[in-house]
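In: Sequence plus predicted model, see below.
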Amino acid sequence: MNQLTRAPRAILIDIIPPQLDKQTAERRLLELDALTKTYGGIVVVKLFQKRSTPDYRTYIGSGKLNEIIQLAAQEKAELLIINNLLKPKQLFEIEEWIRKSSPKQNRSALHVWDRVDLILKIFDKHAKTAEAKLQIKLAAIRHMGPRIFGMGLELMQQTGGIGTRGVGETNTEIMRRHLAEQERQVKRELERIAVSRANHRKHRDRIGLKTVSIIGYTNAGKSSLLNALTHKSAYVANVLFSTLDTRVDKLYIPHESSESERVTSEWGPQTRAVTSTHGVIPTTGPVHSQKILLSDTIGFIQDLPPQLIDAFRSTLDETIDADAVLQIVDASDPYLPQKLEEVEKILHDLRVDEKPRLFVFNKIDALSKKDAVSLKKKFRHLKPQFVSALTKQGIPELKKAIAKLI
């Protein structure tokens with residue numbers, strides 16, 4: 001992936017089949033726009049190209065490529081982002097077309113990324129822990145590996161073509177071996193982390209501690225809801241993929257009969273003392289309460305690339321091994337039905353769609369009373385809980401629903 005040191009001016013393009021409806025087409029490009037802005041880019045042009053099949057050589061048709069080159073010069077764009085996963089050869093051919101067709105003074109100005117390049121860039125910016133950084137490195141290696149083909153071709157051309165063909169092939173082979181070794185090292189480190197996670201989960205099982213995984217589309221408010229439930233103040237941002245690392249917190253659900261527990265429900269877990277053979281030990285959590293572990297992890301998006309799911313497998317194991325799932329939905333999202341379908345597909349792929357599940361429609365504070373009533377009627381078959389992580393509306397009822405779920 002090409003490196004850009006400052007906020008790039010970006011041209012976005014999506015190649016869509018002619019029969020695709022307008023709303024779906026607009027939503028695809030809207031999500032790419034949001035991803036670009038999350039990365040820090042400035043979107044200057046958004047384009048569609050309708051094709052039954054992408055161009056075999058350059059993915060984008062030659063006429064549209066020439067149009068993009070002219071637009072890039074006019075708008076001083078430095079980045080072309082294609083809303084699809086490109087084959088290495090196609091990416092190489094696009095870059096060659098731009099190099100040969102651009103004005104001499106602008107030939108090195110336009111970088112080309114596909115959708116996965118952009119997502120990996122965002123992941124790299126947001127990763128905080130060693131595990132998340134390793135997962136991103138693994139995904140990047142798997143994405144970049146096949147592109148060695150294009151790099152090898154370029155090396156051959158730069159070193160004189162057929163007469164020095166072996167130089168290009170040798171360099172390509174060296175780069176392939178280097179990436180393969182890097183992948184083995186990263187996988188070994190991730191496996192060690194996965195073993196540690198598995199041991200923690202086994203310990204929780206032995207002591208009968210229930211776990212609930214929070215999942216949902218990115219930016220649905222998963223981290224905000226976790227904060228509201230556990231009275232914490234972890235990092236929350238109104239951008240895609242603000243959370244990449246698995247976060248696990250304790251949720252104390254008090255029994256309704258105790259006055260002290262009612263206080264806890266409003267003000268959070270209290271410190272109390274328990275007498276043991278070692279004397280008085282302070283513990284946290286309300287008296288006569290049920291303790292549950294809540295885990296929050298990476299959000300989902302449309303067409304989440306398989307290699308990213310594979311790279312984050314150790315993190316997603318928290319969801320796979322959880323006793324139940326909270327599926328968080330942005331109640332104010334105009335594309336709510338489509339996102340429900342996409343999350344359902346990912347959960348099916350992860351084989352967790354049969355787990356006990358509770359639908360939580362968040363951000364109801366952003367809805368009018370009329371829209372809220374309509375939404376509750378439309379999705380009553382899901383038996384959702386309606387909450388606002390911002391105003392805490394519906395949080396006590398959600399805690400009771402979680403207790404019943406497990």
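Out: Looks like it came in fine.
In: packing partners for the longest helix anywhere in the chain?
Out: Ranked by residue count and defined by DSSP state H, the top helix of the chain is helix 165-206. For helix 165-206, the helices and strands in contact under the criterion 3 or more Cβ pairs under 8 Å, 6 or more residues apart in numbering; DSSP states H and E are helix 130-144, helix 148-158, helix 313-320. All C-beta spots, glycine's among them, are computed from the backbone N, C-alpha and C.
In: Show me the strands in the stretch 1-150 of the chain, by range?
Out: For the stretch 1-150 of the chain, applying DSSP state E, counting those that start in this stretch gives strands covering 9-16, 42-50, 79-82, 111-114.
In: Can you flag the weakest of the helices and strands packed on helix 165-206 by average pLDDT?
Out: Set side by side, the helices and strands packed on helix 165-206 show their lowest mean pLDDT on helix 148-158, which sits at a mean of 51.
In: Using a markdown table, please lay out the strands of the stretch 1-150 of the chain together with mean neighbour count, distance to residue 126 and mean pLDDT.
Out: Formatted as a markdown table, the strands of the stretch 1-150 of the chain follow (neighbours: other Cβ atoms under 10 Å; distance: least, Cβ to Cβ, whole Å; pLDDT from 0 to 100):
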| stretch | mean neighbour count | distance to residue 126 | mean pLDDT |
| --- | --- | --- | --- |
| strand 9-16 | 21 | 19 | 95 |
| strand 42-50 | 17 | 19 | 95 |
| strand 79-82 | 26 | 18 | 96 |
| strand 111-114 | 22 | 17 | 93 |
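In: can you put those in CSV and add distance to residue 396?
Out: Rendered in CSV, the data for those read as follows (distance: least, Cβ to Cβ, whole Å):
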stretch, distance to residue 396
strand 9-16, 43
strand 42-50, 42
strand 79-82, 44
strand 111-114, 46
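In: Now for the nearest residue to residue 18 once chain neighbours are set aside: which residues touch it?
Out: Excluding its sequence neighbours, the residue lying closest to residue 18 (Cβ to Cβ, 6 or more residues apart in numbering) is residue 50, at 4.7 Å. Taking Cβ atoms under 8 Å, 6 or more residues apart in numbering as the contact definition, residue 50 lies against 16-18, 20.
In: so who does the residue nearest to residue 230 when sequence neighbours are not counted touch?
Out: Excluding its sequence neighbours, the residue lying closest to residue 230 (Cβ to Cβ, 6+ apart) is residue 249, at 4.2 Å. The contact partners of residue 249, taken as Cβ under 8 Å, 6+ apart, are 226, 229-230, 232, 293-294.
In: Which strand residues bridge residue 249?
Out: As for beta bridges, residue 249 partners with residue 294 under DSSP bridges.
In: and if you look at residue 211?
Out: So, taking DSSP bridges as the rule, residue 211 has residue 293 as bridge partners.
In: That one and residue 293, how far apart?
Out: As defined by Cβ to Cβ, to the nearest Å, residue 211 lies at a distance of 5 Å from residue 293.
In: what do those two both touch?
Out: residue 204.
In: If we ignore the residues flanking it in sequence, what's nearest residue 12?
Out: Spatial nearest neighbour of residue 12, excluding adjacent residues (Cβ to Cβ, 6+ apart): residue 46 at 4.8 Å.
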